[in-house]
Structures are given as C-alpha cells and as structure tokens.
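Colleague: have a look at this prediction, sequence included:
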Amino acid sequence: MMKGLPVFDLAIIFIYLVGMILVGVYFSRKNKNSEQFTKASGLIPGWAIGLSIYATFLSSNTFLGVPGKAFGGNWNAFVFSISMPLAAWIASKYFVPFYRNTGEISAYTHLEHRFGAWARVYAVVCFLLTQLARMGSIFFGIALSLQALTGYSMQMIMVVMGISIIIYTVLGGIEAVIWTEVVQAVVKTFGALLILYLIITNMPGGVSKVIEIGKASDKFSLGSFAPDFVGSSFWVVLLYGFFINLNNFGMDQNYVQRYHTASSSKAASKSIWLCVWLYIPASLLFFIIGSCLYAYYDVNPELVQSIKHQVAIERLPISASASEILAMENSLKPADYGDKIMPHFMVTKIPVGLVGLIVSAILSAAMSTISSGMNASATVFSVDIYKRYIKPDITEKQNLSLLHIATVGFGLAGMIAGIAMIGVKSILDVWWQLSGIFAAGMLGLFLLGIVSKKTKNHEAIIATMLGIIVIIWMTLSSFLPADLEAFRYPLHQNMIIVVGTLTIFLVGVALTKIKTKEQAT
C-alpha cells in the first residue's frame, strides 16, 4: 500500500503549502496590533466569514472520518448535520447580538462578570482542552491518510504541516486564517466532488449498482427511530448534534471571534446561516462517498485484503507470527478499517496530478480547523489567563508578542496530541467523545448565565460541581468492576454532553427557585 508520490503531485502539494504561507506574509504587513491580530478590526465581509466557519466545520475529521464511518456503518452520523439549523437559529437570534453588544473578544469574559472568576477559569480550561483534542485528532487524521499516500512517517507529516500552519497563523493573524479558509473551503469542496466522480467512473454498474449494494447492506439508514438512548439511534445523534452545535455557535472561541470580525451583527448572523446551508449538503456528499467506496470494495473484495493486512500489523505487537496476523485479518469488520479506505482508493485509483490536488484538499480541510484553533486558543490565553492573572498592565507591543508565542505553543501542543493518538480505531469516535466530555460543563454553565437571570454565584458553583461529578461518572463508569455493574452509566457515550449540560442548567435553575422562595417567605 505504501508508495511515494510522483514528483508532479509533490510539486502541487508544495505550491499549495507555499501559497498558504504567502497569504500569512501578505497580511503580516497589517498586523501591527493585537486588535488586528484577533479581530481584523471588524472589516471582513460576511460571506468570507461564513465560508471560513464552513471551512472550520468541514475539517479533515469530516473529510476522512465521515467516509470511513459510512463505509463501516451507515448514515447515522449525518443526523449531526440535520441538527444544525435549530442551533444556528438560536445562535443568530440570541448569541451573536449578545457577544457584539458586550464587545469582549473572549467568549468567556462575561462568565466572570456573571458568576465570578472561577466560572471564567473553568470555561477557559474546558475550551483549551477541547482545542487540544480537536487539533490532535485532526493532525492524526491527516497523517494517517498522507502516510498511506506518500510513505512518509506520520510524525514527519505532522511536523511539516504543523510548521506551515504555525508560520501563516503567526504572521497573518485572524485575517490570514479567514482568507486562507475561504480558499480552503473551495479547494476541499472541489476535492470531494472529484473523489466522488472518480469512484463512480471506476465502479462497474455506476450509480445504480452503488444504490443496489447500499440498500442490500442497509447503508443509507439514519439509525433507529425508536426512543433508544443506549445505542446510536437517530435521537441520540440528533440531541448530541444539537448540543455540540449550540456549543460551537454559542460559546466556542473559534466562532465567537469571527462574529467580532464582521462589520455588523446582521453580517455575523448571515455568516452562520451561510455555513449551515453549505455544510449540510457538503457533509451529505462525504456520506455518499463512503457508501460508494463500500460498494466499490464490495465488488472488488480482493483489494480489501492489503488494507486488512496493514491494520492487523498495526494492531499486533512486532513479534506477532504470520498465523496471528492472518487470524486478526479475518476477524476485522468494515468499521475497523473504514478510515483507511479512502487513502487506499486514492493511492490505487487516482491518476497522477489529481492526487496532488486531492492531498491539497485534505490538507486544506485540516489546516483550516487547526489554524483557527491556534488563533482562538492564543486569544483566550492572552485575554483570560495572562492579562487577567499574570500581567494586567501589559503593553500593546508585549501583547502582540505574547499572541505570537502562544500561537506557536498551541500549534506545537496540538502536534504532540496528534502524535499521541497514533493507533486509535476511529478518528471521528474519539473526537466526538472527547469534545462531548469537555463541552458539557461549559455549555451548561453558559446557558445558566444567559437564561436564568436570577441565578447567582453560589447556585452556579453547586450546579457546576454536581455537573462535573455526573460527567466524570458517565465517562469513567465503564471501567467499574463487574460486581459494580449496576453503577455503570447506561446510556450512549454521545449523551454525555446532553445529560451533563442539562444537569448543570436544571440544578442551577432549581436551586435559584428554592432560594427565591425562601427569600420571599
């Protein structure tokens, strides 16, 4: 499966990487202060912000994880995208005006005004951990596919890509991040369409054969519609998607920071809707690609053997015998090697020249999310940690230097997190689980602050502590010994963010009502 890329393809990838760095160099001339670095002085058009939010959403986890998921299972994860419009409506109606009116660049500053310093620190820690999980999973996903395509080691791929992203993000600030994402949004959408076209043209029997095989294997199912919260039913993914998207649009620094780069609240709200109407069909496209790949490899089963062999070798110790490797190969299910399918198809079936374009598309899918994560993390670190606790009287020049250093630091931390993830089963599963755990507490506290106006510091602390205990129990109870099985969390992992958020919010509201009644008597 390993082979080096032709020089022509490597040249295309090299030109793409240099192009992104040059964008950073171009915008570096404007970056003379922290306001420009973090807000671009509020001069970015709404359509560009919308494309950049779409590019951040459409990460390499979508590009590689979604076809892998559709290959190994069905379209159940597409329900995540269906939940977006409701979250977007709430965000554009309530959150965008709220942030624009506060004028605070950090999404978490108002939590201190509302509940005290602890709330801000808690949200910042959750956000930074989410970013590390997100950047790590994306670095890993990219290295996984490019290793198959180029034969270079995963570590080396992460380092080269990481350095390129760090250079243009440090030089150009948020403006370089947004404009490179506009280019990346176009490149990766075109790349996905190109992959789909190549699979269909290589498929004997074309589209009708794909549909026939897909129907026979139940590949187009959105999951069970029964009220089941233990398995990955339609409702579990819908609830998970709604809460995660509410968290993304409502209090993720990556997105909140974009609202400040727009010229008005109206332009910022429009950018959210542009992202939604682009992302829903784009994510569907990746599920279609996964189903087409399933049909293609179903018709050509001999091609799967080399993929299974590679996965078996990766999972077993180096000392494993040939018979052990063969036994492992035979036990593997499509879900075990779904993430490897798209890279394999690209290596074996895509002509010279086009591979370079598609690798650039996969790179752009990763770079857009990582660069905005680095810029947002650096902004939060400078505003919520450094200025607040270490040096409140920081000068403008020192602040800009701090933003540069923090951007480099978070870029390197993301790279290290990616290297630590080598050998994981499904990128998408890992990312969904980690983000659900970190986001649950943050979103519950945030909603409590915005919706329940009478809730004070005391009630919020108790609610958050209870919420954290519940989240820790839900996350770790699967490790309880068999004799304590009755105490294990019974629902699906994706329900952690739903239950965690509602625990904090509802406990906070209930405590506030009890306190109000006591004061009235």
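Modeller: Sure, I can see it. Numbers count the residues shown, from 1 in each chain.
Colleague: just list the residues touching N76, thanks.
Modeller: 221-223, 232, 234, 237 (C-beta atoms under 8 Å, 6 or more residues apart in numbering). Just so you know, the C-beta spots here come from the backbone N, C-alpha and C atoms, and that holds for glycine as well.
Colleague: which one is the residue nearest the centre of the chain nearest to, not counting chain neighbours?
Modeller: The residue lying closest to the centre of the chain (C-alpha atoms, centre = their mean) is R134, at 5.3 Å. Among residues not flanking R134 along the chain, G373 sits closest, at 5.9 Å (C-beta to C-beta, 6 or more residues apart in numbering).
Colleague: my read: the one you found touches S137, true?
Modeller: No - at 11.0 Å, G373 and S137 do not qualify as touching, with contact defined as C-beta atoms under 8 Å.
Colleague: ok, back up a step: from what I see, the residue nearest to the centre of the chain and A376 are in contact.
Modeller: No - using C-beta under 8 Å as the test, R134 is too far from A376 to be in contact (10.4 Å).
Colleague: for V311, which non-adjacent residue is spatially closest?
Modeller: Here the residue nearest V311, using C-beta to C-beta, 6+ apart, is Y337, at 4.7 Å.
Colleague: how near is the one you found to A312?
Modeller: 9 Å (C-beta to C-beta, to the nearest Å).
Colleague: so which bits of the particular helix or strand that has V210 in it are buried?
Modeller: For V210, the element it lies in under DSSP states H and E is helix 206-216. Using 16 or more other C-beta atoms under 10 Å as the test for burial, helix 206-216 gives 209-211, 213-214.
Colleague: how about stretch 501-519?
Modeller: Buried, per 16+ other C-beta under 10 Å, within stretch 501-519: 501-505, 507-509, 511-512.
Colleague: mind putting these in CSV, distance to S401, pLDDT and secondary structure included?
Modeller: CSV is the format used below for these (distance: C-beta to C-beta, whole Å; pLDDT from 0 to 100; DSSP: H, G, I helix; E, B strand; the rest coil):
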residue, distance to S401, pLDDT, secondary structure
T501, 37, 92, helix
L502, 42, 94, helix
T503, 41, 95, helix
I504, 37, 94, helix
F505, 40, 94, helix
V507, 43, 95, helix
G508, 40, 95, helix
V509, 44, 95, helix
L511, 44, 95, helix
T512, 43, 94, helix
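Colleague: which neighbouring elements make contact with the helix-or-strand element of the chain with minimal mean pLDDT?
Modeller: Here the helix or strand of the chain ranked lowest by mean pLDDT, DSSP states H and E is helix 60, holding a mean of 73. Applying 3 or more C-beta pairs under 8 Å, 6 or more residues apart in numbering; DSSP states H and E, we find helix 60 packed against helix 117-150, helix 354-380.
Colleague: which residues touch it?
Modeller: For helix 60, the surrounding residues in contact (C-beta under 8 Å, 6+ apart) are 138, 141-142, 145, 362, 365-366, 369.
Colleague: tell me what the very next helix or strand once past that helix is packed against?
Modeller: Per DSSP H and E, the first helix or strand lying C-terminal to helix 60 is helix 66-72. Here helix 66-72 touches helix 265-299, helix 334-349, helix 427-451, going by 3+ C-beta pairs under 8 Å, 6+ apart.
Colleague: for helix 66-72, the averaged confidence score.
Modeller: Helix 66-72 carries an average pLDDT of 90.
Colleague: contact partners of the helix or strand just after it?
Modeller: Following helix 66-72 in sequence order, the next helix or strand is helix 79-82 (DSSP H and E). Around helix 79-82, the neighbours that count as contacts under C-beta under 8 Å, 6+ apart are 222-223, 234, 237-238, 240-241, 244-245, 279-280, 283-284.
Colleague: now do the helix or strand that helix 79-82 is followed by, average pLDDT.
Modeller: For helix 79-82, the following helix or strand on the C-terminal side (DSSP H and E) is helix 84-90. Helix 84-90 shows a mean pLDDT of 95.
Colleague: what comes up buried for helix 84-90?
Modeller: Buried residues in helix 84-90, counted by 16+ other C-beta under 10 Å: 84, 87-88.
Colleague: and those residues, which is closest to S477?
Modeller: Distance to S477, by C-beta to C-beta, is smallest for A87 among the buried residues of helix 84-90, at 28.2 Å.
Colleague: my read: the closest one touches F249, true?
Modeller: Yes - using C-beta under 8 Å, A87 is in contact with F249, at 5.7 Å.
Colleague: let me see the contact set for Q131.
Modeller: Contacts for Q131 were tallied using C-beta under 8 Å, 6+ apart; they are 373, 376-377, 410, 414.
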